[in-house]
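> sharing a model prediction with you, sequence too.
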Amino acid sequence: MSRTTTSRRPRVQRLALAGIGGAVLLVGIASPAAAADVVISLEPAEVGLIAVPVENFPDMDPMADPMSDPMAVDPVPVDAEFGDTLTVELPDVLDASGAVVELIVDVDGDGAPDGTYSSAPSGTELPLTVDPVDGDTVEVVLPAGTGTATAALSLEPVVTTLGAGFTFIDPVEYVLTLGDTALDEVTLEPVLLAASAVLCADPAACTVTAGSTVTVDLTDGSLLRELGITDLSGVQVAAQAVDADGLPVGEPVLLTAEVAGSTATVAIPADQPAGTYALAVVQETPTGYVSVVAAELTVTEPVAAPAPAPAEPTEEVEETTVNAGLRSNTGVEAVPTGSTGTVAAVAGAGLLAAAGVGGVAVARSRRRPAAESGTCAD
């Protein structure tokens, strides 16, 4: 049987919009005046790091719900052999040299542990042989056994070698199926998801009129640059409507981004409904990490064009008789030169009705405590 590990890149692409649930923090938004165009600085104060066990989620479809937890569905266990060596290769900005590795085994499938193995056993735990090859690679010698069993593998604490502002969210976890069938050694390679949020100190700075543009700016001092991001090449941007509880409403709207170096500009469709949105800015880094930044955005409807002045009343012309006795009298209604008539008045009313009037929804949600601060530019 071939190695369990498959190509990382397709899984990274499936992760594209998966981490927004961990990044979004929408707070109460007033009803500020809308701006024609908005600039949002990608300057999160904190970035939360998650090691996503992509081998456990091969069919993940984050676009079905970009605000969901990428690990909210049932995992697909990775097959491994009793007594074999399993390798976990972490992203190179993580350090597991001080981590305790634990393996909980369920032999009879009742969901209760039948044995717990640990690299630092205490009490009833059984010893687990672990070889930390280096800070980001750990080799685990699986216990001997027969038949099949489900097992949960975890490593913690894991720390990051990135600077201040980055926090790794423990643990690294995998679900395994252990068996006595001969298999090739398994290597697990979780993908690093960097989740952060940008909030608005001034709601007016993040309020845009439908039909206008939003520009996101990777500033020189942004923490995201420490992930190896030097510009916004390949960035994806989506807008997800949220309700008063901060939960997604309807499908996300993918927006076409025009990238110019460290900035990317998207146009908010003119028919975008008014409301509160989470604007997701997603990018794969040169090293294969995935950065997801969620920014709060309020969309208001365009100001309706004023209706034109009503047409001048028409003047009646006195009837005259022409060739009496030979032709019937003909009534003639004269229209003053330059009158706009009823067509222009109806068109103006139609534009006013089409523009409509709508309110701005207020969202207030705290979905996760990690990585939730930052500001929007004025």
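Good, I have the coordinates.

> where in the stretch 51-200 of the chain is pLDDT low?
Across the stretch 51-200 of the chain, the ranges flagged by pLDDT under 70 are 60-72.

> show the contacting residues for L126.
Counting by CB atoms under 8 Å, 6 or more residues apart in numbering, L126 touches G115, T116, Y117, S118, P143. (Glycine included, C-beta is placed from N, CA and C.)

> residues contacting the nearest residue to P157 once chain neighbours are set aside?
Take P157 and drop its neighbours on the chain: the residue closest to it by CB to CB, 6 or more residues apart in numbering is D170, 5.5 Å away. Contact analysis of D170 by CB under 8 Å, 6+ apart lists E156, P157, V158.

> ok so D170 is a helix residue?
No - per DSSP: H, G, I helix; E, B strand; the rest coil, D170 lies outside any helix segment and is coil.

> relative to L227, how far out is it?
Applying CB to CB, to the nearest Å, one obtains 19 Å for the distance of D170 from L227.

> what do you get for L188?
With CB to CB as the criterion, L188 and L227 are 22 Å apart.

> same question, S154
S154 is 25 Å from L227, by CB to CB.

> so which of these two has more stuff around it?
Neighbours were counted for S154 and for L227 using other CB atoms under 10 Å; L227 has more, 22 against 16.

> correct me, but A195 touches V292?
Yes - in this structure A195 lies within contact range of V292 using CB atoms under 8 Å: 5.2 Å.

> who has more neighbours, these two?
Neighbours per residue (other CB under 10 Å) separate A195 from V292, with V292 holding more: 31 against 27.

> could you verify my assumption that that one touches V191?
No - contact criterion CB under 8 Å: V292 and V191 do not qualify, at 11.9 Å.

> pull up the overlap in contacts between those two.
Joint contacts of V292 and V191 (CB under 8 Å, 6+ apart) do not exist.

> okay, helices next: where are they in the chain?
Remark: helices assigned in the chain by DSSP state H are 8-14, 20-23, 341-355.

> confidence-wise, which of these is weakest overall?
Lowest mean pLDDT within the helices of the chain: helix 341-355, at a mean of 21.

> all strands in the stretch 51-200 of the chain, in order from the N-terminus.
For the stretch 51-200 of the chain, the strands defined by DSSP state E, counting those that start in this stretch occupy 78-81, 85-89, 94-95, 100-106, 115-118, 126-127, 129-134, 137-141, 148-156, 159-160, 166-168, 172-179, 186-188, 191-198.

> so which of those is nearest V299?
strand 191-198 (16.5 Å; CB to CB).

> that closest one pairs with which strands, parallel or anti?
Strand 191-198 pairs in its sheet with strand 47-52 (antiparallel), strand 290-300 (parallel), by DSSP bridges.

> now could you export just the CA positions of that strand as CSV?
Taking C-alpha atoms only, strand 191-198 is exported to CSV below (Å, rounded to 0.1, in the frame of the first residue of the first chain):
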residue,chain,number,x,y,z
VAL,A,191,-1.3,22.4,7.2
LEU,A,192,-0.8,25.6,9.1
LEU,A,193,-3.8,27.9,9.1
ALA,A,194,-3.1,31.4,10.3
ALA,A,195,-6.4,33.0,11.4
SER,A,196,-6.9,36.7,12.3
ALA,A,197,-9.5,39.4,12.3
VAL,A,198,-9.5,43.1,11.7
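
> wait, E226 sits on G163?
Yes - the pair E226 / G163 is scored as a contact, 6.1 Å apart, by CB under 8 Å.

> compare these two (neighbour count), which wins?
E226 (15 against 8).

> report the contact partners of the closest residue to the more buried one other than its chain neighbours.
Counting by CB to CB, 6+ apart, E226 lies nearest to L162, which is 5.5 Å off, once chain neighbours are set aside. By CB under 8 Å, 6+ apart, the residues touching L162 are L49, V93, E226, L227.

> of those, just say which sits nearest to Y174.
Y174 lies nearest to L49 out of the contacts of L162, by CB to CB, at 17.1 Å.

> that closest one: neighbouring residues, count only.
The burial count for L49: 24, using other CB under 10 Å.

> measure the nearest residue to it once chain neighbours are set aside to D92 for me?
Distances taken as CB to CB, 6+ apart put F168 closest to L49, at 4.6 Å, once the chain neighbours are dropped. For F168, the distance to D92 equals 13 Å [CB to CB].

> tell me, what's touching these two both at once?
With CB under 8 Å, 6+ apart as the test, F168 and D92 reach no residue in common.

> ok, these two, which is more surrounded?
More neighbours surround F168 than the other of F168 and D92, with 25 against 15 (other CB under 10 Å).

> contacting residues around that one?
Shown in contact with F168 (CB under 8 Å, 6+ apart): G48, L49, I50, A51, L94, V158, V159, T160.

> need those in TSV with distance to G234, can you?
What follows is those, written out as TSV (distance: CB to CB, whole Å):
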residue	distance to G234
G48	22
L49	20
I50	21
A51	22
L94	23
V158	28
V159	29
T160	24
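
> which of these count as buried?
Burial by neighbour count, judged by 16 or more other CB atoms under 10 Å, picks out G48, L49, I50, A51, L94, V158, V159, T160 from the contacts of F168.

> the third one bridge partners, please.
Okay, so that is I50. L193.

> can you tell me how far E189 sits from L183?
Per CB to CB, E189 is found 17 Å from L183.

> ok, now V198?
From V198 to L183 the distance is 45 Å (CB to CB).

> having no further points to raise, I will conclude here.
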